[in-house]
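Visitor: build me a model:
(2 chains)
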Amino acid sequence: MTTQVLDSRSGESADAVAGRERFWAGVLTVARLELRQRVRSSRWVAVLVVWTALLALLTVLIRWSVFKAYSVSEQTGVELTRAHADAGRSVFGIVVFLVLSLGALVVPALSSTSVNGDRSAGILATLQTTLLTPLQIVIGKLAAAWTVALALLGCALPFILWAFFEGGTPVGRLVVGLVVLALILLVICAIGLGWSAIASRTSSSALLTYLSVAFLGLGLPLLFALSVPLVSQDEQVTVRNFQYNDDGTTGQCVTETQQLSVFHSERSWWLLAPSPYVVVADAAPRPAGVDSTSDPLSAIRAGVREARLGPDPIQDWCGPGATGGDPSSAATAREQQRAKDRERLGYTWPYGLAVDLAVGGGFAAVAVRRLRSPARRLPRGTRVA
Amino acid sequence: MSTDTTAGLPQAEPPEATIRGIVARGVRRTFGDVVAVDSMDLEAPAGQVTALVGPNGSGKTTLLLVLASLLVPDAGTVRIAGFDPVTQSREVRRRVGWMPDVFGTWETLTCREVLRTVADAYYVPPATARTRIDELLTMIHLDDLADRPTQVLSRGQKQRLGLARALVHDPAVLLLDEPASGLDPRSRVELRTIVRRLAAAGKAVLVSSHVLSELDEMADRAVIVAQGRTLSTEQLTEHVTQTRPWRVRALDQAALIRALQARSLSFALPETATERDGVEVAIASDTEAAALLADLVREGVPVLSFQPAAGALEQAYLSLTSLSGDRR
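Guide: Next up, the predicted model:
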């Protein structure tokens, strides 16, 4: 029997502790190498400067046009405060989407040529023959790419904050929104890394990465739209309809049953959830308790939750105007009920983010598998060294 | 010349030096329907330099990749210092230094950073790594370029850096794939010295190369391969006991020819014969060659030089590869 030295605090063997330290030391070696190799070579400082300048310009333009559209300068008193807050939140939403979209264009460049680029330069095998494991190499490469992505996010932060403080929303949720944004960028890095390990040519892996990110961001919402006929069916629906009296000017709401095609979006909303835009919109900060649709992020958030709720069992076609604008009318009560239902659903973004992280994890796992050596099979058209 | 063909390799327990070195038996590796390595046997004992010689495309590099634990062989067994590269790759990697034929390098890193990164990747303690890297940089004469990015290095300098990189973790087994390519004459001589010194320090060194004359001076043994198969293993340090051509030059070529004719030795003038080239004489063994030289000198023939027309390795290589008719 061999006796193992145990760490007094955790009860782990000293070997396990040393092994873990070594693991992260190896990851650090790879990450440092990647940053030196790629960042030094491709003038990332210039990229960061251009990126910041571009965001500054666009943010100023967005702020100017949004505040113009909300006619903020023409308002006074309470109206001014409300318009200013609405406009501020809109600017915030647009800037965040801008950062996400531009990030989705720039970030794949960091990782999508990471493995096959090294392979064709004959420097991958040099790492593989050392004591570094494929997992360490993948985590190291991912960490390096994410570091640069976070630098991009960091440069965008002043503009996000500026837009944010004009919206007058609580600060606490801002952190959540930024963390979610950072994690989405990590997922994009992982997708790029995965493709770079799968495809042998760097141009293919870059293209596949862009297509994958576009599929997540735009393809999935498109699929949701295309799925409408699949999840729609004819049903008996309770309808509140306005019936005119014989004089043609007065009338009242009557409840009746009609055969209607009903869109069961609660069966397909999950197609929307993983879209980074939806995730970021749902996680973005907003005034508590307000189910506002007055800015783009809130509108997306409300729309996705509406989809999760599915069709309203009572279709109300009377509307508040039809009953003479009485605020206590059934129609308004119905709308208020729906708004409450949406709030009660809770957040959508944890589901979407979980799916995205799983996708990223899957791509990273593929990269690990592809980096295993000694190798039995090689990607077509590649040499090992 | 002792030629033990692969069939006659001893199947008994390999000696201690072999256990600490490389043993490969019946290694086969295909890529799709291309057979890169058909069946190769190789031993590279510790303390010796073993040359791996063969025509282009004969499978040398693929075999080295298998030995470097980068490729799984389809068949056959490999032991590096007693460990299996497939199932015990970590143990193998700890002990193997591999210098690839196509030397890629991290272009924007400095020479020192490259070596430091590799040392880190082998978990060499920082203090040890620092002194070792300084030693290696001095050894390969890159001290003054140590803090310049590697993209400014010439091909030969990169090649030397590649050698240093393979040595950072002080491996017991060295795999050098075409280490001399791109090196200037001085660097070649230095490479030879370095390799001999490593062997003297008890390391098993396997060198693949095309430059036969060089391997002749560097290697103790040679494994000759063609078409993915091992043709033979030669002991280069032993005395040659087979007939081979010697080139003899004398100040007075006529006197030399008369002396050779008197012994009824068969000789030939080289194809592009000038006085300077001397004559080629077929001599049965090294002993007879020594005797002939003594006689010529005694008879007053003004001999200038007396040497094998081709190195032992070149001789063996040419006769074997022409037999197999392999010029892929």
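
Visitor: who in the stretch 201-328 of chain B is up against chain A?
Guide: The stretch 201-328 of chain B has no residues near chain A, with proximity defined as Cβ under 8 Å from any Cβ of the partner chain. Heads up, the C-betas are built off the backbone N, CA and C, glycines and all.

Visitor: chain B contacts on chain A?
Guide: Applying Cβ under 8 Å from any Cβ, we find that chain A lies next to chain B at A:22, A:25-26, A:29-30, A:32-33, A:36-37, A:40-41, A:121-123, A:125-132, A:373-376, A:378, A:383-385.

Visitor: just the ones of those in helices?
Guide: Counting by DSSP state H, the residues of chain A next to chain B place A:22, A:25-26, A:29-30, A:32-33, A:40-41, A:125-128 in helices.

Visitor: okay, whatever residue of the stretch 1-150 of chain A ends up closest to chain B: pLDDT?
Guide: Nearest residue of the stretch 1-150 of chain A to chain B: residue A:122, at 2.8 Å (Cβ to the nearest Cβ). Note on residue A:122: pLDDT of 84.

Visitor: got a list of what the closest residue to it other than its chain neighbours touches?
Guide: Spatial nearest neighbour of residue A:122, chain neighbours left out: residue B:104 (2.8 Å); criterion: Cβ to Cβ, 6 or more residues apart in numbering or on different chains. By Cβ atoms under 8 Å, 6 or more residues apart in numbering or on different chains, the contact list for residue B:104 reads A:121, A:122, A:123, A:126, A:385.

Visitor: sec struct for residue B:104, please.
Guide: Judged by DSSP: H, G, I helix; E, B strand; the rest coil, the three-state class of residue B:104 is coil.

Visitor: quick check: it vs residue B:159, distance?
Guide: Taking Cβ to Cβ, to the nearest Å as the measure, residue B:104 falls 12 Å from residue B:159.

Visitor: cool, and residue B:253?
Guide: Separation of residue B:253 from residue B:159 (Cβ to Cβ): 42 Å.

Visitor: tell me the secondary structure for residue A:135?
Guide: Recorded secondary structure, residue A:135: helix (three-state DSSP).

Visitor: from residue B:101, how far out is it?
Guide: As judged by Cβ to Cβ, residue A:135 and residue B:101 stand 28 Å apart.

Visitor: quick one: which of the two has more around it?
Guide: Shown here are residue A:135 and residue B:101; by other Cβ atoms under 10 Å in any protein chain shown, residue B:101 has more neighbours (20 against 17).

Visitor: now for that one: which residues touch it?
Guide: Residue B:101 is in contact with A:385, B:61, B:177, B:178, B:181, B:208, counting by Cβ under 8 Å, 6+ apart.

Visitor: same question for residue A:190.
Guide: By Cβ under 8 Å, 6+ apart, the residues touching residue A:190 are A:111, A:142, A:359, A:360, A:361, A:363, A:364.

Visitor: quick one, phi psi at it?
Guide: When read as degrees, to the nearest 10, the backbone of residue A:190 gives phi -70, psi -40.

Visitor: measure the residue most central in space within chain A to residue A:185 for me?
Guide: Centroid-nearest residue in chain A: residue A:276, 2.2 Å away (criterion: Cα atoms, centre = their mean). According to Cβ to Cβ, residue A:276 and residue A:185 sit 9 Å apart.

Visitor: and the residue in the stretch 201-328 of chain B that chain A sits nearest to, what pLDDT?
Guide: Closest residue of the stretch 201-328 of chain B to chain A, Cβ to the nearest Cβ: residue B:208 (12.7 Å). What the model reports for residue B:208 is a pLDDT of 91.

Visitor: do the one 3 residues further on as well
Guide: In the predicted model, residue B:211 carries a pLDDT score of 73.

Visitor: run through who's touching stretch A:143-151.
Guide: By Cβ under 8 Å, 6+ apart, the surrounding residues in contact with stretch A:143-151 are A:27, A:30-32, A:34-35, A:38-39, A:44, A:48, A:103, A:107, A:110-111, A:114, A:182, A:185-186, A:188-189, A:192-193.

Visitor: relative to the whole chain's centre, how far out is stretch A:49-67?
Guide: Centre-to-centre, stretch A:49-67 and its host chain are 21 Å apart (Cα atoms, centre = their mean, to the nearest Å).

Visitor: list the buried residues for stretch B:108-123?
Guide: For stretch B:108-123, the buried set under the neighbour-count rule, 16 or more other Cβ atoms under 10 Å in any protein chain shown, comprises B:108-123.

Visitor: these: which ones sit near chain A?
Guide: Among the buried residues of stretch B:108-123, the ones lying near chain A by Cβ under 8 Å from any Cβ are B:108, B:109, B:113, B:117, B:118, B:120, B:121, B:122, B:123.

Visitor: want to throw the residues you listed into TSV with secondary structure?
Guide: As requested, those are exported to TSV (three-state DSSP):
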residue	secondary structure
B:108	coil
B:109	coil
B:113	helix
B:117	helix
B:118	helix
B:120	helix
B:121	helix
B:122	coil
B:123	coil
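
Visitor: which SS state does residue A:254 fall under?
Guide: Relying on three-state DSSP, one would call residue A:254 strand.

Visitor: for the closest residue to it other than its chain neighbours, give the beta-bridge partners.
Guide: Spatial nearest neighbour of residue A:254, chain neighbours left out: residue A:243 (4.9 Å); criterion: Cβ to Cβ, 6+ apart. Counting by DSSP bridges, residue A:243 forms beta bridges with residue A:252.

Visitor: right, I'll call it a day here.
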